[in-house]
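1. pasting the sequence and the predicted model now:
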Amino acid sequence: MTATSSAAGVARVDMHVKVLDERVASRAKARGIDVLVYAPHFTRLPDIRAKAAAFTDDELLVVPGREVFTGTWRRRRHLLAVGLSDPVPDFITFEAAFAAFARQDAAVLAPHPGFLNVSLGREDVRAHAEEIHAVETHNGKLFPSQNRLGRELSAEFDIPGFGSSYAHLRGSVGEAWTAFEREIDSEEELVAALREGAPRRVFHRSGHRHRLRSAAEFAHLGFENSWGKLNRLLLSGMEPTHPGHVAYEGKFDDVREY
């Protein structure tokens with residue numbers, strides 16, 4: 001089933017969330033969101049697709065996405081891919097990730113540019129400007145000064161922007177969104193809008209509650225960047241998105257970092 005846009009010719013898309021359940025779906029609908037891009041960490045594409053389908057209905061379209069961790073844990077650069085048909089693991093080389101996305105005609109997005117050691121910087125965007133379909137200009141987890149670089153890169157390299165709540169916490173869903181000037185009723189239509197550079201505007205909520213939610217999301221970063229997670233992910237070699245996992249059938253052995 002497909003979602004109906006909130007206004008004729010307009011689709012409000014929260015372009016990146018990490019959580020999805022009944023409460024998240026209800027909150028998205030209550031906030032007028034038409035489309036959620038669900039891209040949880042370290043979860044394989046078939047599982048993401050199944051969960052996205054389970055929460056898609058006539059009011060809300062949930063599109064599966066993958067935020068791939070390229071490179072090593074210490075120098076990981078995130079890329080958000082929408083429209084993948086085949087799984088792509090984490091911890092492969094930066095160049096290999098771009099090649100895998102291109103083979104599948106996926107839309108490639110640069111989330112939270114310049115943030116800590118997990119994002120693309122100016123030189124990364126410069127080198128891959130022809131392969132990046134959108135740069136995040138507002139991330140609900142970050143503060144205004146941290147979002148500034150995204151706006152600068154979007155303007156400097158003439159790459160369309162996008163906004164998302166980047167919700168790791170349920171209450172953050174719908175804090176930021178991208179309003180496309182077209183209806184989007186399927187994953188394919190969202191991918192086309194991104195790859196074609198369809199006109200859009202980025203919005204976010206404001207005021208005291210918005211700042212509190214941003215602060216709560218930012219505080220959630222602790223475990224995301226802990227050595228404990230590093231050990232769990234890399235030492236076992238059996239995490240679902242580890243490039244050595246049997247599910248990938250050795251296809252990425254020549255470009256894996258671990």
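-> Yep, that arrived.
2. ok, which stretches of the stretch 101-250 of the chain are helices?
-> Assigned helices in the stretch 101-250 of the chain, in chain order: 122-127, 144-156, 187-195, 208-219, 221-224, 227-234 (criterion: DSSP state H, counting those that start in this stretch).
3. what's the longest strand in this protein?
-> Looking across the chain with DSSP state E, the single longest strand is strand 61-71.
4. send the alpha carbons of that one over as CSV?
-> Once non-C-alpha atoms are left out, strand 61-71 reads as follows in CSV (Å, rounded to 0.1, in the frame of the first residue of the first chain):
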residue,chain,number,x,y,z
LEU,A,61,5.1,5.3,3.4
VAL,A,62,8.3,3.8,5.1
VAL,A,63,11.2,3.5,2.7
PRO,A,64,14.2,1.3,3.6
GLY,A,65,17.6,2.9,3.6
ARG,A,66,21.2,1.9,4.6
GLU,A,67,23.6,4.2,6.4
VAL,A,68,26.8,2.4,5.5
PHE,A,69,29.9,2.9,7.7
THR,A,70,32.8,3.1,5.2
GLY,A,71,36.4,2.8,6.1
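5. tally of neighbours for His128?
-> 18 (other CB atoms under 10 Å). Every residue, glycine included, has its C-beta placed from N, CA and C.
6. I'd say it and Ala97 touch.
-> No: here His128 does not reach Ala97: they are 10.3 Å apart, not a contact under CB atoms under 8 Å.
7. coming back round to it: so for Lys251, which of the helices of the stretch 101-250 of the chain sits nearest?
-> Nearest to Lys251 among the helices of the stretch 101-250 of the chain is helix 227-234 (19.2 Å), distances taken as CB to CB.
8. doesn't Ser154 make contact with Pro160?
-> Yes: contact status for Pro160 versus Ser154: in contact at 6.9 Å, counting by CB under 8 Å.
9. got any residues that touch both of the two?
-> Any residue near both Pro160 and Ser154 by CB atoms under 8 Å, 6 or more residues apart in numbering counts here, and that gives Val135.
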